[in-house]
Every structure is written in C-alpha cells, then in structure tokens.
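Enquirer: Coordinates for the following, if possible.
(one chain, ligands or ions: 1)
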Amino acid sequence: MGQPKLISVFLMETTEGPVLFETGPHSCFKYLEKGLAENGYKKEDVKHLFLTHIHLDHAGGAWEFAKHGAKVYVHPVGVNHLIDPSRLVASATKLYQDKMDLLWGKFMPTPEKNLVVAAHNQAFEIGGKNIKVIHSPGHANHHAAYATEEGIVCGDVGGIRIAKGPPIPPCPPPDIHFDKWRESIDLLLQEQPQILHIAHFGSHDNAVQHLHDLRKEIDALETFSKDLYNKTPDKKEAYSEFNEWVRNRMLSLCPSKAIADYYAISMPTRMQLSGVYRYLMKKETD
Ligand SMILES: [Zn+2]
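Expert: Numbers count the residues shown, from 1 in each chain. Sure, this is the predicted structure:
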C-alpha cells in the first residue's frame, strides 16, 4: 500500500542456501523478490520457508515458494488452511470485504507434499543452522516462533514495535487470548533471547526488556478493556472510549505523534477492539 517498514520477513543464510521466515502478503511479493535479489538470491533458491502463522500478512506468498519445491514449515493447526485456504479467505473477507485483493493479493493453496508440520520444541538443522520451534499462542492459536542462533523470529507474538515506540499486542479477532499470550512470553524468555525479529517491524535488541514491556502493555490493555466491557458490553457503543484510551496511551509512550499515527495504521483500533471484546466475551461464557 506504499507504506514502508510495516511488514518484514527474515532471511538466514546457511550452507544449504537461504532459509526464509515469513513471506508477507502476496500483494508485496515484488518487494520480497527485490529484497531476495539484494541478497543475491532468486525466489527459486529458497528451499525452506518457516511460517509463524497463516494470517495473510505473514503467509500470503507461501504458495509461490511451494511452486518451486520449497518446504513450508507450519504449526499443525495451520496445515489444513494452507492446503485448502477457502475458510481462511472467507473469514478474512468478513473483515476486509472488497479490499481483499488490494490488501492481500492472491492466496493460493500450498500442496500437501510441500508442508512440514512444526511440532512444539522440535529442532530442525538446515545447512549448519539450528531452528527450534516454540508454539506460542496468544495472537493466534496456531502461532509458532522460531529460536535461532541469530535471534528469535517472533511473528506477532512479540508484539508490534515501530521505530522507538513501545511493543504493543496486535489483537485482531478471532484467537486473542491474553493468558496464553503471557505464557508464550515466558517461553520466549526461557530462551534467554538477545534479539527479536518481529513482523511489524524489524529486528530489536534488548529482547528481554522488550518482552517485559510487551507484557506490561498486555496487562494494561486487559485491565482497561475488562472494565470497559463490564460497563459497556456493546462494541459500537464502547468504541469512542476505547479509541481515546488507545490513542492517549500511544501518545504518552511514543516519542512523536507521527510514530503514534503509524501504530494506528498497522493495528487499526476498531480491529483491536473486536479482537479484545471477542476474547472477553468467550471468557465470560467459558
Ligand atoms: Zn501480522
């Protein structure tokens, strides 16, 4: 959409060629190819692709790599959605409606023969590099992070962090789960990470502090939202108060208004409210 520095992917070089983590959406595929070329590779060179989860901004280009024989590693719950994306596309269409093509481009099936199920704690060794799978729900039930000697690739479980702003939890429906998210943060901390590679956006050192700050933002969002939900359970009625709280918090934590605005683009408040309210509603009926 012409907005730079909103979605990242990560390349790890090995003696067996490049390993890619995430693809971004298919609508950005030409930028991904450009990035590969800058590193001396073509898309055909990528024989191993690791997905943190199957949301369209992370896995949208998986099928392009599968066409060239790449193995695609994914959480067990993500497997069937890649083989047959119709349900995934239908549920995304509910959210994005007529903007689907514009935002995400094509999402085609990935053949079963290309898929590798990534089990929790499983370790893969590719061209001299180790990759450990960490199932890490909270943002999505089928989320996996990947610990490598070059840092942990966190997808969205490591939060969104733009420029010198704070890490915040991206909360689109339908899987948001704050309790699971905190447990996932503990699992990431157990790896004693130095560097986190997050999808939105980039690589961040000071990983431990980042994860503690993220937990603080999850706690604050949950506390505020619980009160709001008890008082105003209707999402439409709650929106303006929710929006004001998010806006003020971002303005107080970000070094500039421009950075706070960029957060609002990467995680629209309306979607944030939907995801959080859905979680609170499910919790109430559990
Ligand atoms: Zn994302």
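
Enquirer: Tell me who's in contact with the residue of the stretch 151-286 of the chain found nearest the ion.
Expert: Per Cβ to the ion, residue 156 is where the stretch 151-286 of the chain lies closest to the ion, at 4.5 Å. Yep, even glycine has a C-beta here, placed from its N, CA and C like the rest. Taking Cβ atoms under 8 Å, 6 or more residues apart in numbering, we find residue 156 in contact with 52-53, 55, 58, 139-140, 143, 170, 198-200.

Enquirer: got it, and residue 183?
Expert: Counted by Cβ under 8 Å, 6+ apart, residue 183 has contacts residue 138.

Enquirer: The residue in the stretch 1-150 of the chain positioned nearest to the ion and residue 112, how far apart?
Expert: Of all residues in the stretch 1-150 of the chain, residue 57 sits closest to the ion, at 4.5 Å by Cβ to the ion. For residue 57, the distance to residue 112 under the criterion Cβ to Cβ, to the nearest Å works out to 24 Å.

Enquirer: how far away is residue 55 from residue 62?
Expert: Going from residue 55 to residue 62 by Cβ to Cβ gives 12 Å.

Enquirer: on that earlier part again, who has more neighbours out of residue 57 and residue 112?
Expert: More crowded of residue 57 and residue 112, by other Cβ atoms under 10 Å: residue 57, with 22 against 12.

Enquirer: Apart from its neighbours in sequence, what residue is nearest the more buried one?
Expert: The shortest distance from residue 57 to any non-neighbouring residue, by Cβ to Cβ, 6 or more residues apart in numbering, is to residue 25 (5.0 Å).

Enquirer: and that neighbour, how many residues sit next to it?
Expert: Residue 25 has 21 nearby residues by other Cβ under 10 Å.

Enquirer: Write out the residues of the chain neighbouring the ion.
Expert: 57, 156, 199 (Cβ under 5 Å from the ion).

Enquirer: can you tell me which of these are in helices?
Expert: Of the residues of the chain next to the ion, the ones assigned to helices by DSSP state H are residue 57.

Enquirer: Could you export the residues of the chain next to the ion as JSON lines, including pLDDT and distance to residue 106?
Expert: Compiled in JSON lines, the residues of the chain next to the ion are given as follows (pLDDT from 0 to 100; distance: Cβ to Cβ, whole Å):
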{"residue": "57", "pLDDT": "93", "distance to residue 106": "14"}
{"residue": "156", "pLDDT": "98", "distance to residue 106": "22"}
{"residue": "199", "pLDDT": "97", "distance to residue 106": "20"}
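
Enquirer: rewinding a little: which one's more surrounded, residue 55 and residue 62?
Expert: When residue 55 and residue 62 are compared on other Cβ under 10 Å, the one with more neighbours turns out to be residue 62, at 28 against 24.

Enquirer: Please report how far that one lies from residue 206.
Expert: Look at residue 62 and residue 206: by Cβ to Cβ, they are 31 Å apart.

Enquirer: Beyond the helix or strand hosting residue 93, next helix or strand please.
Expert: Taking DSSP states H and E as the definition, residue 93 sits inside helix 86-96. Later in the chain than helix 86-96, the nearest helix or strand by DSSP H and E is helix 100-104.

Enquirer: I'd like to know which elements that next one is packed against.
Expert: helix 56-59, helix 86-96 (3 or more Cβ pairs under 8 Å, 6 or more residues apart in numbering; DSSP states H and E).

Enquirer: Put the alpha carbons of that helix into PDB.
Expert: Output of helix 100-104 as PDB, limited to C-alpha atoms (Å, rounded to 0.1, in the frame of the first residue of the first chain):
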ATOM      1  CA  MET A 100      -9.200  -8.300   0.000                       C
ATOM      2  CA  ASP A 101      -7.300  -8.200  -3.400                       C
ATOM      3  CA  LEU A 102      -5.900  -4.700  -2.900                       C
ATOM      4  CA  LEU A 103      -4.500  -5.600   0.600                       C
ATOM      5  CA  TRP A 104      -3.500  -9.200   0.200                       C
END
